[in-house]
Every structure is written in structure tokens, then in C-alpha cells.
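1. Got a predicted model here, sequence first, then my questions.
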Amino acid sequence: MTRASGWALAAPERHAAEAGAAAFAAGGNAIDAALATAVALAVTYPHNCGVGGDLFAVVRHADGRSVSVNASGPAARAADAAAQRARGPRMPMTGPDPVTVPGVVRGWEHLHALGALRPWHAAFEAARRHAEDGVEVPASLAAALAHAGADVALDAGMTEVFRPAGAALEEGDRLRQPALARTLGRIAEHGAAELYAGDTAARLLAGLARHGSLLDERDFAHFTPEETPPLAGRFRDLTLLTSPPNASGVLLLQALAALEFADPPADPLAGGAGLLADVIRSGAEQREAMLADPRAHGPDLDAWLGEARLTELTAAAQAPRAAPAGARPSGDTVAVVAADGSGMAVSLIQSLFASFGACVLDPATGVLLHNRGASFSLEPGHPNELAGGRRPSHTLMPLVVERDGELAGVLGTMGGTAHAQVLAQVLLAILAGLDPQAAVAAPRWIVGGLDPGEPAALVRVEEGVPATAISALEERGLDVRAIPWPSEDVGHAQAIWSTDRALRPGSDPRADGAAVAGTVEPG
């Protein structure tokens, strides 16, 4: 491959994408652009991500070295599964209990230290402006507010921001977040430590304590992201780089490895869709049973990717099953992908988990807290059982792709537990010849219920999915239900692919974003 020139970026909200493009135009590299975009998204897409959320990223350096950054926060040191079980059989989705340490700001700091060219405060300029002056409510946020209803009205901080005149903001209304603007300004001035040990931390923790949270000063002050080598796998002539557990990247590697292991192979976008669906369903069950914080339960990668497991996955069609215990609804997440002509690339995923996270917004700081702790199991002895200082399992999976040692592409998606199947379908569409924009826009399907209690055999299929794929899904005994195109029910993906010496981006029309590219090289 010949290295591409210029730069490219894609994100699910246009103002945030503009912030990333401005970073490139100012001489920044892919890290600078990804950071400016990610910080802006914490303001412009608050139902999906924010200062109170988590982050995973894979960063590929210009010299080909790659690292995974895990900025997912742990539960409070005082968290206790037995005490939580006394309040109910499962972790709640809202309120203080599922709030873990928000890792995203330390994650931004770690990424900046990996090789940003612009100063730290520059990453916050667009976000602070949008928070202070306001930004138009995009369609996805308006729909989330309409759906959230009572959850927004029950929290004073949420009401102040999202119902300023007594009714939920609608598409095109002005969203203003002055308290968040002040918080972003303090972080820009004092660094990430402001959120973990500074005055902002003290105010945020005081607000959490009033809600009944167990998080305290030590939980925040002792948090640091984890940098590791990415989890690597092969598919055709590609090397896939993603985040290892407690992230879910192993599910994507497993699904693609199973497709290659199958005999005879079949096109997973057509007649092989049934096999891909069965692999995804089995992987989801394995995730619920095994995925956990590797610091407590080291991952047995052979159990995911070994020959015995691939043989099992590609066996005869499996009968429909009940949804796995602990399955959760679709998540709310953003993906940012950025690359430049040096060969540097970033796939960054940040998330609140559910829409508006824990539905707890601290009025003093403007920080909306995530609910990633809802992913903990309360089953005694489960690898992912709630415990003090433990990180929950995560659905997120950033992806960088190489061919022959050079950058081939960068992908990421939103979609709750469906990340692996979204990324698989987008990647396969690119390899089938579609450009990145057409690939992320192409009709796709999602197997497994998106809401609690829905059966694992349910498949939502967008209008336009090939008839051969629909037939293959039906032949596996799956319950195929048509949905309109485009639908956020199948996630929204972002992609960049290196083609003909150019970096070509694509941004999913299911969101409110933009794909941008330029020719200015990093300064």
C-alpha cells in the first residue's frame, strides 16, 4: 500500500466534526482532531456522551506502533454486592447506584500525552463556546428527550438543562449549558486533575453524596487510565486492532474469525447472514457469562478465539434461545474516527451507556453522570460481579485496521451490545467495494432484542437489506421484523478507509454528523 495524504474525520454530530476539522486546519494531527471532536460531543450530544462518561480508544502512531487506552472507571471502593442485592436482584439503570468513576477526562489527558501537537486547552475551545452560547438541538437528542420523559423531569439538574421553559427541548431549540461551560473552562486551565482532585471534583462529589452515591475523594483521585497493547486479530489480509477486555472487542474478532473458519464460506452480507447471526448470538451469551475486569478475572482468549470455540460457533444452526440473563437495552455512545497522512489514526469511543446515563445531572458542575455500573452482575461469584474498585464489562470496541503494515482504515460505532455486528457489516461492505460513506449508510440488520425482555432470536432488518440475507436469517429460525431505513435501532457508525492514496471518511446518516477531509498536513 502507498500511504495516503491529507486527513479525514467522521463523527455523529456536525458541530463536533467541525471542531475536529478546525484542529486539523490549525496544524493538529489525528489526536488533536479526535480530542477536539470528543470534547465538543460532550456538549452537543449529551444524551450519548459527556464529561461524566467513559472512554476507550485505539491510537496508531505514525511509525506503526499502536496502543489501547482504557479510561473506564471503577465502582466505588465501598461498593458491596450483598448490600446491592438487598435492594434488588439487578443493578438499577438510573440513580446513584450505577454511577462509577467517570473516566473520560483522564482518557482525554492520556490521549493528549500520546502525541498531540496543540496545547491541552485548545481541545476545549469549541466545546466551551457551544456550552456557553448554545447549540441547536439535533434530531437524535430531541428524540431522546421525547422518549426519556419522566426521567428528565425527575432530576433537578436534568430539568434545568433540558426543560428550561417547563417542556423538553425540541429539534432546533437552543441548548445552553453554562455550568458545564465553566467546568470545561476549569479543566482546560488546570488539566484533567480538576475533575478528579480539584474544586470541580469536590463540588461533583458533594452532589453525588446528596444523591446517596458511595463514590468519594479517594475513588476519584486514585483513578488512572490503563494503556495496553491492542487486542489483535486477522481477517483475510487485514490486521484488526481493538481494545481488550473489559471492552468487547474480542466479540468482533471472534465473529470474523468464525466466518473464515466456516466450511464452506458464504457471503455474510447475503446467504451467510444466518451464520453471522448465530455467531453473534453465541458471542453475546459468552459475553454475559465471561466478560469482566481482567484485573479481577484475567481473560482466557483461547476460550473466545481458540479452534475449539470456532468449531462450536460454526456448527449446525442453533435453535432460538431466550435472551441471556443480564442483557441490557441498546446503549448511547459516540464514535470518533480520525486519521492523517503520517499514518496516525485514532478510533475513540466515549459513552454514558444508556440514554442520558444515570439521569443524574449535577447542577453545580453541569456534569451528567453515566450508568456504566448497570452492567455489573449481582450473581454471586460471577466474573463481572459488582465489587469495590472493579470496572464493569463494557460494550465498546474501537477499531483500527492495517494491511501489510500500513493504515487501511479506522472504524467505530454506537449500538449498545450490537457493536460487533455493526462493525462487521460495515467492514464487510467496505471490503465488498463500497466507499466508506456508502458502507456506513447501507441497510443492515441487528440480531437480539434492543429492549429488556425481548428474545435473542429477534432480528430487526432495515428496508433494503438483500432478500438473500433475509431468507438466510429466516432459515435459522429467527424472528425477522422489518424497520424503516435509516433507523438508530441499528446503531450509527463512523469510518475512514485509505483508498487510491486518499483518506475517505463516512458518517452514518442515522445520526446528525459529518464526514470531512482535507489536504493540510499536520504541523
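-> Everything's here; your move.

2. At which residues are the strands of the stretch 401-523 of the chain located?
-> With DSSP state E, counting those that start in this stretch as the criterion, the stretch 401-523 of the chain has strands at 406-413, 445-447, 458-462, 479-483, 493-499, 502-507, 514-518.

3. Packing partners of the worst-scoring helix or strand of the chain on mean pLDDT?
-> Least confident helix or strand, the chain: helix 150-153 with a mean of 84, by mean pLDDT, DSSP states H and E. Other elements packing on helix 150-153 under the criterion 3 or more CB pairs under 8 Å, 6 or more residues apart in numbering; DSSP states H and E are helix 156-162. C-betas here are computed from N, CA, C, even on glycine.

4. Against which helices or strands is the helix it packs on packed?
-> Using 3+ CB pairs under 8 Å, 6+ apart: helix 156-162 touches helix 150-153, strand 361-362.

5. among these, which is nearest Pro178?
-> strand 361-362 (13.0 Å; CB to CB).

6. other SSEs contacting that closest one?
-> Using 3+ CB pairs under 8 Å, 6+ apart, strand 361-362 sits against helix 156-162, helix 199-211, strand 367-368.

7. Outside of that strand itself, list whatever touches it.
-> Residues outside strand 361-362 that contact it (CB atoms under 8 Å, 6 or more residues apart in numbering) are Asp155, Gly157, Met158, Glu160, Val161, Arg203, Leu204, Gly207, Leu208, Val367, Leu368, Leu369.

8. just stretch 91-101 next, same as before
-> So stretch 91-101 is contacted by 52, 54, 72-76, 84, 87, 151, 208, 211-215, 219-220, 223, 328, 353-354, 357-360, 369-378, 386, 391-392 (CB under 8 Å, 6+ apart).

9. Keeping just the C-alphas, turn the least confident helix or strand of the chain into CSV.
-> The C-alpha trace of helix 150-153 is given here as CSV (Å, rounded to 0.1, in the frame of the first residue of the first chain):
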residue,chain,number,x,y,z
ALA,A,150,-40.3,11.4,33.2
ASP,A,151,-36.6,10.5,33.8
VAL,A,152,-35.7,14.0,32.7
ALA,A,153,-38.4,15.7,34.8
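
10. For it, list every residue counted as buried.
-> Going by neighbour count (16 or more other CB atoms under 10 Å), the buried part of helix 150-153 is Asp151, Val152, Ala153.

11. Check stretch 512-523 too.
-> Asp512, Gly513, Ala514, Ala515, Val516, Ala517, Pro522.

12. what's the distance between Ser507 and Leu214?
-> 39 Å (CB to CB, to the nearest Å).

13. of the two, who's got more company?
-> Using other CB atoms under 10 Å, the more surrounded residue of Ser507 and Leu214 is Ser507, with 28 against 19.

14. which residues does the more buried one contact?
-> Ala10, Ala11, Pro12, Ala17, Gln437, Val440, Gln494, Gly513, Ala514, Ala515.

15. where along the stretch 351-500 of the chain do the helices fall?
-> Using DSSP state H, counting those that start in this stretch, the helices of the stretch 351-500 of the chain run over residues 419-431, 436-441, 467-475.

16. And the stretch 101-250 of the chain, by the same measure?
-> 104-113, 125-133, 139-148, 150-153, 156-162, 178-190, 193-197, 199-211, 217-221, 249-261.

17. didn't Val334 look like it was pressed against Tyr45?
-> Yes. At 5.8 Å, Val334 counts as touching Tyr45 under the criterion of CB atoms under 8 Å.

18. Give me the common contacts of these two.
-> Counting by CB under 8 Å, 6+ apart, the contacts common to Val334 and Tyr45 are Pro12, Glu13.

19. residues contacting the closest residue in space to Pro46 that isn't next to it in sequence?
-> Distances taken as CB to CB, 6 or more residues apart in numbering place Leu368 nearest to Pro46, at 5.9 Å, with adjacent residues excluded. By CB under 8 Å, 6+ apart, the contact set of Leu368 is Pro46, Gly50, Val51, Gly52, Gly157, Met158, Leu352, Phe356, Gly357, Val360, Leu361, Asp362.

20. how many neighbours does the first one have?
-> The local packing of Pro46 (other CB under 10 Å) involves 30 other residues.

21. Which of the three states applies to it?
-> coil (DSSP: H, G, I helix; E, B strand; the rest coil).

22. check contacts around it.
-> With CB under 8 Å, 6+ apart, Pro46 has these contacts: Leu141, Val161, Leu175, Gln177, Phe356, Leu368.

23. pretty sure the second one is touching Gln177, no?
-> In this case it means Val161. Yes. Val161 is within contact range of Gln177, at 5.9 Å (criterion: CB under 8 Å).

24. Quick one: the helices and strands packed on strand 361-362 as a markdown table, columns for distance to Pro96 and mean pLDDT too.
-> Formatted as a markdown table, these follow (distance: least, CB to CB, whole Å; pLDDT from 0 to 100):
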| stretch | distance to Pro96 | mean pLDDT |
| --- | --- | --- |
| helix 156-162 | 13 | 96 |
| helix 199-211 | 4 | 98 |
| strand 367-368 | 13 | 98 |
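
25. so how far is stretch 41-61 from its chain's centroid?
-> 8 Å (CA atoms, centre = their mean, to the nearest Å).

26. Just the CA atoms of that stretch, as CSV, please.
-> The C-alpha coordinates for stretch 41-61 follow below in CSV (Å, rounded to 0.1, in the frame of the first residue of the first chain):
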residue,chain,number,x,y,z
LEU,A,41,-19.5,15.9,21.6
ALA,A,42,-19.7,16.0,25.4
VAL,A,43,-21.6,19.3,24.8
THR,A,44,-23.5,18.8,21.6
TYR,A,45,-24.6,15.1,22.0
PRO,A,46,-25.3,14.9,25.8
HIS,A,47,-27.7,12.0,25.6
ASN,A,48,-24.9,9.8,24.3
CYS,A,49,-21.7,11.0,26.0
GLY,A,50,-20.3,13.6,28.3
VAL,A,51,-17.8,14.6,30.9
GLY,A,52,-19.4,12.1,33.3
GLY,A,53,-18.8,9.1,31.0
ASP,A,54,-16.1,6.6,30.0
LEU,A,55,-13.7,6.2,27.0
PHE,A,56,-11.9,3.6,25.1
ALA,A,57,-9.5,4.3,22.2
VAL,A,58,-7.0,2.7,19.9
VAL,A,59,-4.3,5.0,18.8
ARG,A,60,-2.0,4.2,15.9
HIS,A,61,1.2,6.2,15.8
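
27. Could you give the average pLDDT over it?
-> For stretch 41-61, the mean pLDDT works out to 98.

28. What count of nearby residues applies to Asp263?
-> Neighbour tally, Asp263, other CB under 10 Å: 6.

29. For the remainder of this discussion, apply numbering that starts at 44.
-> In the new count, where the first residue is 44, that last one comes out as Asp306.

30. Next, it: secondary structure please.
-> Once three-state DSSP is applied, Asp306 turns out coil.

31. Is Pro357 in contact with Leu318, as I believe?
-> Careful, residue 357 is Thr and not Pro. Yes. Using CB under 8 Å, Thr357 makes contact with Leu318 at a distance of 7.0 Å.

32. any residues in contact with both of those two?
-> Ala301, Ala305.

33. what angle do the helix or strand hosting Val112 and helix 147-156 make?
-> Assigned by DSSP states H and E, Val112 belongs to strand 109-114. Angle, strand 109-114 to helix 147-156, by axes from the mean of the first three to the mean of the last three CA atoms, to 10 degrees: 160 degrees.

34. tell me the average confidence for the helix or strand following strand 109-114?
-> Counting by DSSP H and E, the element after strand 109-114 in chain order, helix or strand, is helix 124-128. Averaged across helix 124-128, pLDDT comes to 98.

35. What lies in contact with helix 124-128?
-> Met134, Asp140, Phe419, Leu421, Pro423, Glu428, Leu429, Ala430.

36. distance of the residue nearest to Pro406 when sequence neighbours are not counted from Gln220?
-> The shortest distance from Pro406 to any non-neighbouring residue, by CB to CB, 6+ apart, is to Gly200 (4.4 Å). Applying CB to CB, the value for Gly200 to Gln220 is 11 Å.
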